[in-house]
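K.L.:
Need a 3D model of the sequence below.
(one chain, ligands or ions: 1)
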Amino acid sequence: MGIKAVNHVAIVVEDIESALAFWRDALGLPLARTERMDAEAVEVAFLPVGESEIELLEPTTPDSGVARFLEKRGPGIHHICIEVDDIAATMARLRAHGVTLINETPREGPGGRQYAFIHPRSAGGVLVELYQLPAE
Ligand code: CO
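P.N.:
Next up, the predicted model:
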């Protein structure tokens, strides 16, 4: 089982367009693409930083998990994503360590990537996402 990289850091924003004034215009990160993920009720902007990415998440409905996070805690870091080469093996290892997972099995996202979330109560208050990218 291998840990590969920090794939992305996700940040909840009220409005992607206004957030780009800092991340793109002031800091100078390129905006690679935006994607609407209806399964998670978010609009996502991807800004590459070397091998990783900053992801800006804007809720698209008032009752999604991301919308509730924004309402409760305000804008800020939402989760970090660790890329692994075998997500099932990583989840089994975590379970063996008594870690609580939010997703019992990996979910499938755009482009065939598999993802799952670890509960923040098992990770020092940090929401951690796992990614396994499709083989190239
Ligand atoms: Co993510």
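K.L.:
contacts, neighbours, all on C-alpha from now
P.N.:
Will do.
K.L.:
And the nearest residue to residue 91 once chain neighbours are set aside, its phi and psi?
P.N.:
Counting by CA to CA, 6 or more residues apart in numbering, the nearest residue to residue 91 once its immediate chain neighbours are dropped is residue 101, at 7.9 Å. Main-chain dihedrals, residue 101, degrees, to the nearest 10: phi -100, psi 140.
K.L.:
which residues does residue 101 contact?
P.N.:
If a contact means CA atoms under 8 Å, 6 or more residues apart in numbering, then residue 101 has 91, 95, 116, 117, 118, 119 as its contacts.
K.L.:
how close does residue 22 sit to residue 31?
P.N.:
For residue 22, the distance to residue 31 equals 12 Å [CA to CA, to the nearest Å].
K.L.:
Of these two, which one has the most company?
P.N.:
Neighbours per residue (other CA atoms under 10 Å) separate residue 22 from residue 31, with residue 31 holding more: 16 against 12.
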